[in-house]
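Trainee: Have a look; sequence and predicted model below, questions after that.
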Amino acid sequence: MHDAYPHKVIGTKQCLNSIGQLESNTYRDMGIRPGIYELYEDKETKSGRVLVSEFLRIRLARYSNLLLSDKTF
């Protein structure tokens, strides 16, 4: 398979009007509070939407340590 770059990555409808729920679900499932926000290519028409998720590195390190110390596998 061949992909030509750059990729168009705008226009998602994922979690439209439910970003708070996505943040809550992530915190519930992983114990990590993400920063999730929207960016638009054109703010006036709200077209070209991108959903951005940010996780602090220290929180991810803590989560990965919890996974590595889990004796269930």
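Mentor: That came through fine.

Trainee: Mean pLDDT per helix and strand in the chain: which one sits at the bottom?
Mentor: For the chain, the helix or strand with the lowest mean confidence is helix 57-68, at a mean of 60 (criterion: mean pLDDT, DSSP states H and E).

Trainee: how about low-confidence regions in this protein?
Mentor: Residue ranges of the chain with pLDDT under 70: 1-9, 57-73.

Trainee: Okay, helices next: where are they in it?
Mentor: Remark: helices assigned in the chain by DSSP state H are 19-30, 57-68.

Trainee: Is there a neighbour count for Ile36? I'd like the number.
Mentor: For Ile36, the neighbour count with other CB atoms under 10 Å is 16. Backbone N, C-alpha and C define where each C-beta goes, glycine included.

Trainee: what do you get for Phe55?
Mentor: Phe55: 15 neighbours (other CB under 10 Å).

Trainee: Leaving out sequence neighbours, find the closest residue to it.
Mentor: Using CB to CB, 6 or more residues apart in numbering and skipping residues adjacent in sequence, the residue nearest Phe55 is Pro34, 5.3 Å away.

Trainee: just Leu39 next, same as before
Mentor: Nearest to Leu39 is Val50, by CB to CB, 6+ apart, at 4.7 Å.

Trainee: I'd like the distance between that neighbour and Tyr37.
Mentor: Taking CB to CB, to the nearest Å as the measure, Val50 falls 9 Å from Tyr37.

Trainee: Equivalent analysis for Thr12, please.
Mentor: Applying CB to CB, the value for Thr12 to Tyr37 is 13 Å.

Trainee: shared neighbours of the two, which are they?
Mentor: Here Thr12 and Tyr37 have Leu51 as joint contacts, going by CB atoms under 8 Å, 6 or more residues apart in numbering.

Trainee: Okay, buried residues for stretch 15-26 please.
Mentor: 15, 19, 23, 26 (16 or more other CB atoms under 10 Å).

Trainee: Next up, the contacts around the residue lying closest to the second one once chain neighbours are set aside.
Mentor: By that I understand Ile19. Counting by CB to CB, 6+ apart, Ile19 lies nearest to Ile36, which is 5.2 Å off, once chain neighbours are set aside. Ile36 sits next to 15, 19, 22-23, 26, 51-54 when contact means CB under 8 Å, 6+ apart.
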